[in-house]
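> any chance you can model this:
(one chain, ligands or ions: 2)
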Amino acid sequence: MTAAEPALVVKYGGAAMKGGRLSAAAVRALSVLVGGCRRLVLVHGGGREVTEEAARRGLTPRFVDGLRVTDADMMDVVRMVLVDRINKDLVGQLRSVGIPAIGLSGEDGGMMTARTLRVDGVARFGRVGEVDAVDTKVLTTACEKGLVPVVASVAPDADGLPHNLNADTAAAALAAALSADQLVYVSDVEGLMADPADPSSVIARMSGDDLAALLSARPPLGGMLPKLSGALTALRSGVPVVRLVGDQALLGACTADTGRGTTLHL
Ligand SMILES: Nc1ncnc2c1ncn2[C@@H]1O[C@H](COP(=O)(O)OP(=O)(O)O)[C@@H](O)[C@H]1O
Ligand SMILES: CC(=O)N[C@@H](CCC(=O)OP(=O)(O)O)C(=O)O
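Ligands and ions are numbered 1, 2, ... in the order given. The predicted model follows:
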């Protein structure tokens, strides 16, 4: 396998996890995908588990524009839950069915560096980062050795201070850096809905231009916002297709255009 092999980045959101685990359908899909000759990278979320752990410690989660305001205490929780708990649990779950997973975060092998996210020069989210740089070497090397990198969205800044990255944003940055042929977001909804209260209103296809227009209108999008922003970043970086699907549609989304979920394209 070489860096020229097609790359697939799958981001599995905390919303679709049950007890910090991937669904059976998602594990089956990944088993099939890893058998194909491609660089497969799994990025995971876990926002809901972070919120639960924070509450157990008496910390009150606060979100602005879908991003968790992250002080030093919250950063400890984020890192513990995403890197030490969920990442290891997912690696264990995948290895137990024979998928050769290896757990990583941006802190490993210099894979991702972050800079503090600032709005008008102000770090209003605390220790939340935006991706500064991606070094794909560790991912590509792992894939060449037949391993499946499982990535937690924590990355150090230039001084080595860990930052909290939104997992959708991290997945988009990795897909762009790997020149992935596809980025797939798996969540607890079947795709982008025209009416979030109506599951039958999933939008089947949208172009990057229409997506940009939608985002500039700033509608309330909740957890969809970082996915759509990430999708636009990925499309503009040359990733030709981004799909938003539920866990049951993961395999189909990666192997063909099944018509399920939302397909975002150039
Ligand atoms: N227009 C929309 N279409 C689909 N989902 C939406 C929309 N607006 C808001 N959402 C919300 O986005 C959520 C998914 O985002 P999030 O909870 O962050 O999931 P994940 O953990 O997978 O990143 C859905 O559960 C849904 O409630
Ligand atoms: C900055 C920021 O908001 N980071 C996220 C990281 C986890 C994440 O993105 O998890 P999901 O994909 O399950 O939402 C958080 O702290 O919740």
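> so which residues on this structure come close to ligand 2?
13-15, 45-47, 50, 67-68, 78, 128, 153, 164, 166-168, 223 (C-beta under 6 Å from any ligand atom). From N, CA and C alone the C-beta is placed, and that goes for glycine too.
> any idea where the helices of the chain begin and end?
24-35, 47-56, 72-79, 87-96, 137-144, 167-177, 208-216, 224-236, 250-255 (DSSP state H).
> distance of the residue lying farthest from the centre of the chain relative to Val77?
In the chain, Gly58 marks the outermost C-alpha relative to the chain mean, sitting 27.1 Å out by C-alpha atoms, centre = their mean. Per C-beta to C-beta, to the nearest Å, Gly58 is found 11 Å from Val77.
> sorry, back to before: quick one: which of the residues of the chain next to ligand 2 sit in strands?
Among those, the residues falling in strands (DSSP state E) are 67-68, 164.
> residues near Val97, how many?
12 (other C-beta atoms under 10 Å).
> next one, pLDDT for Arg21 please.
With respect to pLDDT, Arg21 scores 97.
> give the contact list for the closest residue in space to it that isn't next to it in sequence.
Excluding its sequence neighbours, the residue lying closest to Arg21 (C-beta to C-beta, 6 or more residues apart in numbering) is Gln93, at 5.6 Å. Residues counted as contacts of Gln93 (C-beta atoms under 8 Å, 6 or more residues apart in numbering) are 21-22, 27.
> of those, closest to Ala234?
Distance to Ala234 across these (C-beta to C-beta) is lowest for Leu22, with 21.9 Å.
> and the gap between the closest one and Asp195?
Where Asp195 is concerned, Leu22 sits at a distance of 28 Å (C-beta to C-beta).
> the two: which is more packed in?
Leu22 (24 against 9).
> any stretches of the chain with poor pLDDT?
1-4, 37, 257 (pLDDT under 70).
> and the ones in strands among the residues of the chain next to ligand 2 as JSON lines, adding neighbour count?
Converted to JSON lines, those look like this (neighbours: other C-beta atoms under 10 Å):
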{"residue": "Leu67", "neighbour count": "20"}
{"residue": "Arg68", "neighbour count": "22"}
{"residue": "Asn164", "neighbour count": "27"}
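> up against ligand 1, what does the chain have?
Checking the chain against ligand 1 by C-beta under 6 Å from any ligand atom, the hits are 13-16, 45, 47, 168, 187-189, 192-193, 196, 221-224.
> in stretch 157-165, what's buried?
162-165 (16 or more other C-beta atoms under 10 Å).
> the residues of the chain next to ligand 2, buried ones only, as a PyMOL selection?
Burial among the residues of the chain next to ligand 2 is assessed by 16+ other C-beta under 10 Å; the matching PyMOL selection reads:
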select buried, resi 13+14+45+46+47+50+67+68+78+128+153+164+166+167+168+223
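> report the contact partners of the closest residue to ligand 2 within the chain.
Ranked by C-beta to the nearest ligand atom, the top residue of the chain for proximity to ligand 2 is Gly45, at 2.1 Å. Taking C-beta under 8 Å, 6+ apart, we find Gly45 in contact with 11-15, 17, 153, 167-168.
> ok, 6 Å please
Gly45 makes contact with 13-14, 167 under the criterion C-beta atoms under 6 Å, 6 or more residues apart in numbering.
> what's the answer for Asp132, then?
Here Asp132 is in contact with 113-115 (C-beta under 6 Å, 6+ apart).
> tell me the bridge partners for the residue in the stretch 51-200 of the chain that ligand 1 sits nearest to.
Of all residues in the stretch 51-200 of the chain, Ser187 sits closest to ligand 1, at 3.3 Å by C-beta to the nearest ligand atom. Beta-bridge partners of Ser187, counted by DSSP bridges, are Gly246.
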